[in-house]
Structure formats: C-alpha cells, structure tokens
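A.B. asks: Requesting a structural model of the entry that follows:
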Amino acid sequence: MNTAQTPDLTFRKMHGAGNDFVIIDSRGRGAVTTPALARALGDRHRGVGYDQLAELRDADDADLVLDFWNSDGTRAGACGNATRCVAWLVMMQTGRDALTIRTTRGLLHARMLDGQVWVNMGAPLTNWQGIPLNAAQDTLHLPLPGDPVGVGMGNPHCVFLVDDAEAVALETQGPLIEHDALFPERTNVEFASLIGPDHLRMRVWERGTGVTLACGSGACAVAVAASLRGLTGRRVAMELDGGTLIADWRADGVWLTGPVAEVFTATLAPGFLAAS
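C.D. replies: Down below sits the predicted model:
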C-alpha cells in the first residue's frame, strides 16, 4: 500500500452473533483493500483478525457499495451479517430506516423494523449453474455422503440436515467438503439439526475462513434447504455458536436479522500498512 497516499487507515470492528468483521469506510476516496492487506488484517496474531472484511464505497445507483474479503485474501461474494452490521452503522449515522446496498450479489435492501436491521439477501439459487456446481446435479440431493442440499446465496453453500449438528466433526469435515471437486468455486458448509418447530441448531465452516460463530448467508441457505426438504416452514430461527439468527424466505427473497454489535474503532499504524 502507498502510505504517502494513505498515511493511516481507520477501521471499525463489529460482529453479528459472533461473526466478526473489519469495516473500512472508503466512501469519498476509493477502495484501499488489496489481497495482501486483507491477509495481514485477517491474521489474529499479527493483525486484527476477522471472519470477513467489508469495505464501503460510493455508489451511483444505491446508497453505497459493499465489497467483501475473506481472511485468506480472497474475495467473498456475499456476507449477510456484515451487510446487517454496515446497514446498522449507516442508519445510526444518517437517521434513516431504509437503505439500498450494491454487492456482487446484486442490489440488497435493508430495513430497520422494531429496532432490528433486516436485510433482503435476494432469492436463493437452486439451479446447479447458479450455486455453482461442476455439472448438472439434483441440487436437493447432492451426490455426496450425507445427502446434502446445494443452495446459492451469492456464494455457494452445501447444507447437511443431520440428526445432531453438535456431533459433527466440523473441523475435519468442513475443509474436505469446501474443496470437493463438485464445487468449482469451493463452498461454505453447514450442518443443521431440528431442535423445535421452525427452530434449528446450526454450525458452519466458511469458505476461505474456517469455523465461524455465525454466518448470515449460511443461515439463509440452511433455512431454504430445511424448507425445501419439508423440515421447517419458511421462517426459521437458527441457534449458532455465537447467537440466534432468523431467516424469513419471502416472495421477494430471503430476509435476515439478528444481533449487531460495534466493538471498537482504531487506526492502523503506518508501518503495518507499509508492510502490507
């Protein structure tokens, strides 16, 4: 990074149900995140640490653009919890209760209702090309042990509906499925089990990051998969390691809500930026 042009860089740390993010506001100056900076910031020992990085940019056709990065320096196509956190932040700054946010997923709508931020994450993709898979498959019954469901939410998801999500060796199974040849862009991996009517226990392995305490797009994918399999209705509460998320699959898309927290604001040292 050219520190002559960017002598310091201020960011926020936020989380949604323990799914944590670095938020960089680049409105008015242009994007600053590079793969190297994303990796350096994502290092929980030598940097800041995060599950995803979200960078705000100016938009012509929306209130803002959001770009997402994984901690391994790769780009992420969607991040529901980070979108909720950013929507909450901008609503607090502006006093507004509705926003439009441009992502690679498309134009997303956020609303403040009864003190909670809801984000429409768009319609689920259930065709093999949209997820995507490497060949035509029945996405409701993917050809993998455990009979998972494939769902696209702007990023790929492989959802296993199991008897007991707690019993799954997530740290072992997650990376194997993420890199399975069935998924040309790799995949997020979710395991969910029914614990009550329209109530699931969910655990997640995120592509490019690993085990996380929560995943917004993953919660949307799990709700869609559980509904398609007849396990739940279309509005589902999910208990993740970091808290509860609610996904509501409506005619206009899958709406997501849950807790939002702002942790701190800080400025990166010029030496850290120069090394990144």
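A.B. asks: Report the contact partners of the spatially most central residue of the chain.
C.D. replies: Most central in the chain under Cα atoms, centre = their mean is Cys79, positioned 2.5 Å from the mean C-alpha point. Cys79 sits next to Phe21, Gln52, Ala54, Phe68, Gly216, Ser217 when contact means Cβ atoms under 8 Å, 6 or more residues apart in numbering. Placement of C-beta: from N, CA and C, glycine included.
A.B. asks: The residue nearest to Leu56 when sequence neighbours are not counted: neighbouring residues, count only.
C.D. replies: Distance criterion Cβ to Cβ, 6 or more residues apart in numbering; nearest residue to Leu56, sequence neighbours excluded, is Asp25 at 4.7 Å. Using other Cβ atoms under 10 Å, Asp25 has 18 other residues around it.
A.B. asks: who's in contact with the helix or strand hosting Leu194?
C.D. replies: Per DSSP states H and E: Leu194 is located in strand 188-196. For strand 188-196, the external contacting residues (Cβ under 8 Å, 6+ apart) are 155-166, 168, 170, 173-174, 177-178, 200-207, 215, 217-218, 221-222, 225-226, 231-232, 238-239.
A.B. asks: now with 6 Å?
C.D. replies: The contact list for strand 188-196, computed with Cβ atoms under 6 Å, 6 or more residues apart in numbering, reads 157-165, 168, 174, 177-178, 200-207, 218, 222, 231.
A.B. asks: among those residues, which are in strands?
C.D. replies: Using DSSP state E, the subset of the contacts of strand 188-196 located in strands is His157, Cys158, Val159, Phe160, Leu161, Leu200, Arg201, Met202, Arg203, Val204, Trp205, Glu206.
A.B. asks: quick check, nearest of these to Arg12?
C.D. replies: Closest approach between the ones in strands among the contacts of strand 188-196 and Arg12, by Cβ to Cβ: Glu206, at 20.4 Å.
A.B. asks: Does that closest one touch Thr212 like I think?
C.D. replies: Yes - using Cβ atoms under 6 Å, Glu206 is in contact with Thr212, at 5.0 Å.
A.B. asks: now the helix or strand hosting Gly271, how far from the centre of its chain.
C.D. replies: For Gly271, the host element (DSSP H and E) is helix 270-275. Relative to its parent chain, helix 270-275 has a centroid offset of 28 Å by Cα atoms, centre = their mean, to the nearest Å.
A.B. asks: returning to that earlier point: out of the contacts of Cys79, which comes closest to Glu262?
C.D. replies: Each of those was checked against Glu262 using Cβ to Cβ; the closest is Phe21, at 10.4 Å.
A.B. asks: From Arg12, how far out is the closest one?
C.D. replies: Separation of Phe21 from Arg12 (Cβ to Cβ, to the nearest Å) stands at 8 Å.
A.B. asks: Please identify the next secondary structure element, helix or strand, after the longest helix along the chain.
C.D. replies: Ranked by number of residues, the top helix in the chain under DSSP state H is helix 80-94. Following helix 80-94 in sequence order, the next helix or strand is strand 98-103 (DSSP H and E).
A.B. asks: Okay, buried residues for that following strand please.
C.D. replies: Leu99, Ile101, Arg102, Thr103 (16 or more other Cβ atoms under 10 Å).
A.B. asks: Quick one: end-to-end distance for stretch 138-153.
C.D. replies: 17 Å (Cα to Cα, to the nearest Å).
A.B. asks: Now find how far off-centre it is within its chain.
C.D. replies: The chain centroid and the centroid of stretch 138-153 are separated by 20 Å, computed with Cα atoms, centre = their mean.
A.B. asks: again with stretch 35-47
C.D. replies: Distance, centroid of stretch 35-47 to centroid of chain: 18 Å (Cα atoms, centre = their mean).
A.B. asks: Touching that stretch from outside, list them.
C.D. replies: Counting by Cβ under 6 Å, 6+ apart, residues outside stretch 35-47 touching it are Val22, Val48, Tyr50, Leu53, Trp69, Ser71, Gly73, Ser276.
A.B. asks: mean confidence for stretch 241-253?
C.D. replies: In this model, stretch 241-253 has an average pLDDT of 97.
A.B. asks: That's all I had, so thanks and see you.
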